[in-house]
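Visitor: 3D, please:
(chains A and B)
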Amino acid sequence: QQKVQQSPESLIVPEGAMTSLNCTFSDSASQYFAWYRQHSGKAPKALMSIFSNGEKEEGRFTIHLNKASLHFSLHIRDSQPSDSALYLCAVSGTGYQNFYFGKGTSLTVIP
Amino acid sequence: EAAVTQSPRNKVAVTGGKVTLSCNQTNNHNNMYWYRQDTGHGLRLIHYSYGAGSTEKGDIPDGYKASRPSQENFSLILELATPSQTSVYFCASGGGGQNTLYFGAGTRLSVL
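Guide: A predicted model of the protein is given here:
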């Protein structure tokens, strides 16, 4: 069974800082790697995803994948208080049928 | 954006009672999922479905049943609710050809 682990468990950063969140997975055959963001009391919502090694940037957010290291990460440039949320990483295999989530990283951005 | 609606939003049940959580999606996604979210455990998959009439066990299916009577609807059934099933339950649709998951707003269930 796929094991997905996130680090750190929680993070407090000042507004404007660069934030880095990490996710490791156990199944080298995984094909879909994504970050979901969940604001307090709300549903998780897909933030961005990647399928092949490398980087993908969307606005202030960058996702980086290294399949050989079984690791992917999310970097948030110029962090804002509105970025404060629980960040969940998700991994899926062939066919994108089952999705495995990490326990989450709680991010707090201090104004 | 994909719409997934859960009902009820909040539920208080008694130990040993039957609880049914409902989920409806209007986006014609084949796959639907039930997760529970608990502090310290993240999102854990209970049951999922590939289409009408199909249900599959996820990672923590014990004590839960699922029903997918149509493409749009997917229910989670607790036949004999226990306090350990107190949690927040999320339904999601997507996956397969639509790799992103779209979540409903969640149901907060308390079993007393």
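Visitor: Could you list the low-pLDDT ranges of the chain?
Guide: Since no chain was named, I'll use chain A. Within chain A, the stretches with pLDDT under 70 are A:94-96.
Visitor: My question was about chain B, not that one.
Guide: In chain B (pLDDT under 70), the answer is B:1-2, B:95-98.
Visitor: Please name the residues that touch the residue sitting nearest the centre point of it.
Guide: Taking CA atoms, centre = their mean as the criterion, residue B:34 is the residue nearest the geometric centre of chain B, at 3.0 Å. Residue B:34 sits next to B:21, B:23, B:45-48, B:58, B:64, B:66, B:74, B:76, B:89-91 when contact means CB atoms under 8 Å, 6 or more residues apart in numbering or on different chains. No exception for glycine: its C-beta is placed from N, CA and C like everyone else's.
Visitor: Which ones, among those, also lie beside chain A?
Guide: B:45, B:48, B:58, B:90 (CB under 8 Å from any CB of the partner chain).
Visitor: mind listing what's buried in stretch A:98-111?
Guide: Using 16 or more other CB atoms under 10 Å in any protein chain shown as the test for burial, stretch A:98-111 gives A:98, A:99, A:100, A:101, A:102, A:103, A:104, A:105, A:106, A:107, A:109.
Visitor: Could you list which of these also contact chain B?
Guide: Among the buried residues of stretch A:98-111, proximity to chain B is found for A:98, A:99, A:100, A:101, A:102, A:103, A:104 (CB under 8 Å from any CB).
Visitor: Please narrow those residues to those residing in strands.
Guide: A:99, A:100, A:101 (DSSP state E).
Visitor: Nearest to chain B among those residues?
Guide: Set against chain B, the nearest of those by CB to the nearest CB is residue A:101 (4.1 Å).
Visitor: And for the closest one, nearest residue in space, chain neighbours not counted?
Guide: Computed as CB to CB, 6 or more residues apart in numbering or on different chains, the closest residue to residue A:101 that is not its neighbour in sequence is residue B:43, at 4.1 Å.
Visitor: just residue A:54 next, same as before
Guide: In space, residue A:54 is closest to residue A:65, 6.5 Å off (CB to CB, 6+ apart).
Visitor: which stretch of helix or strand covers the one you found?
Guide: strand A:61-66 (DSSP states H and E).
Visitor: Could you do residue B:75 as well?
Guide: strand B:73-78.
Visitor: Contacts for that strand, please.
Guide: B:13, B:18-25, B:32, B:34, B:46-47, B:49, B:63-69, B:85, B:89, B:91.
Visitor: filter these to the buried ones?
Guide: The buried subset of the contacts of strand B:73-78 (16+ other CB under 10 Å) comprises B:13, B:19, B:21-25, B:32, B:34, B:46-47, B:49, B:64, B:66-68, B:85, B:89, B:91.
Visitor: Could you tell me which of those are located in helices?
Guide: Applying DSSP state H to those, no entry is found in helices.
Visitor: Now residue A:82: phi and psi?
Guide: Backbone torsions of residue A:82, given as degrees, to the nearest 10, read phi -70, psi -10.
Visitor: give the contact list for it.
Guide: Counting by CB under 8 Å, 6+ apart, residue A:82 touches residue A:109.
Visitor: The same query, at a cut-off of 10 Å, please.
Guide: The neighbours of residue A:82, taking CB atoms under 10 Å, 6 or more residues apart in numbering or on different chains as the test, are A:15, A:39, A:109.
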